[in-house]
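# everything below, folded, please.
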Amino acid sequence: MENTDCRLEEAIQKWTARLLPELEKAEATDSSGQELLDNAEAYVKDSKTFKEQGDLVRAFEALVWAWAHLEIGQRLELIEKEEK
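The predicted structure is shown next:
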């Protein structure tokens, strides 16, 4: 079980580090896109809370949902990447 926890912690750290800059560059094109961005950001916060509580499975799952909201928004052109 310890190995699984270690792998989950590494995955959470890796994907959080990749997701946060993407969210910073993301810009909603309309209110639906803003809703998706708000949800993605909420899932990132949930992930942090779950991790602090030691619930690594839910912490990772919340990151997956955050990525999903971001990618769906981009594919539907409700979210654009702002070039900085």
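
# give me phi/psi at residue 27?
phi -140, psi 130 (degrees, to the nearest 10).

# give me every residue that touches the residue lying closest to it once chain neighbours are set aside.
The shortest distance from residue 27 to any non-neighbouring residue, by Cβ to Cβ, 6 or more residues apart in numbering, is to residue 82 (4.5 Å). (Glycine included, C-beta is placed from N, CA and C.) The contact partners of residue 82, by Cβ atoms under 8 Å, 6 or more residues apart in numbering, come to 25, 26, 27.

# low pLDDT regions in the protein?
1, 84 (pLDDT under 70).

# in it, which spans are helices?
2-25, 31-52, 56-75 (DSSP state H).

# I'd like these as TSV, with mean neighbour count appended.
As requested, the helices of the chain are exported to TSV (neighbours: other Cβ atoms under 10 Å):
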stretch	mean neighbour count
helix 2-25	13
helix 31-52	17
helix 56-75	18
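
# circling back: now the contacts of residue 82 as JSON lines including distance to residue 34?
As requested, the contacts of residue 82 are exported to JSON lines (distance: Cβ to Cβ, whole Å):
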{"residue": "25", "distance to residue 34": "15"}
{"residue": "26", "distance to residue 34": "10"}
{"residue": "27", "distance to residue 34": "9"}
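
# which one of those residues is nearest residue 41?
Proximity of the contacts of residue 82 to residue 41 (Cβ to Cβ) peaks at residue 26, which lies at 9.5 Å.

# count the residues that sit near the closest one.
The tally of other residues near residue 26 (other Cβ atoms under 10 Å) stands at 20.

# relative to residue 2, how far out is it?
Noted for residue 26: a distance of 36 Å to residue 2, by Cβ to Cβ, to the nearest Å.

# check residue 79 too.
Per Cβ to Cβ, residue 79 is found 38 Å from residue 2.

# quick one: residue 36 from residue 17, how far?
Residue 36 is 21 Å from residue 17, by Cβ to Cβ.

# repeat for residue 67
Distance from residue 67 to residue 17, by Cβ to Cβ: 13 Å.

# same question for residue 65.
According to Cβ to Cβ, residue 65 stands 17 Å off from residue 17.
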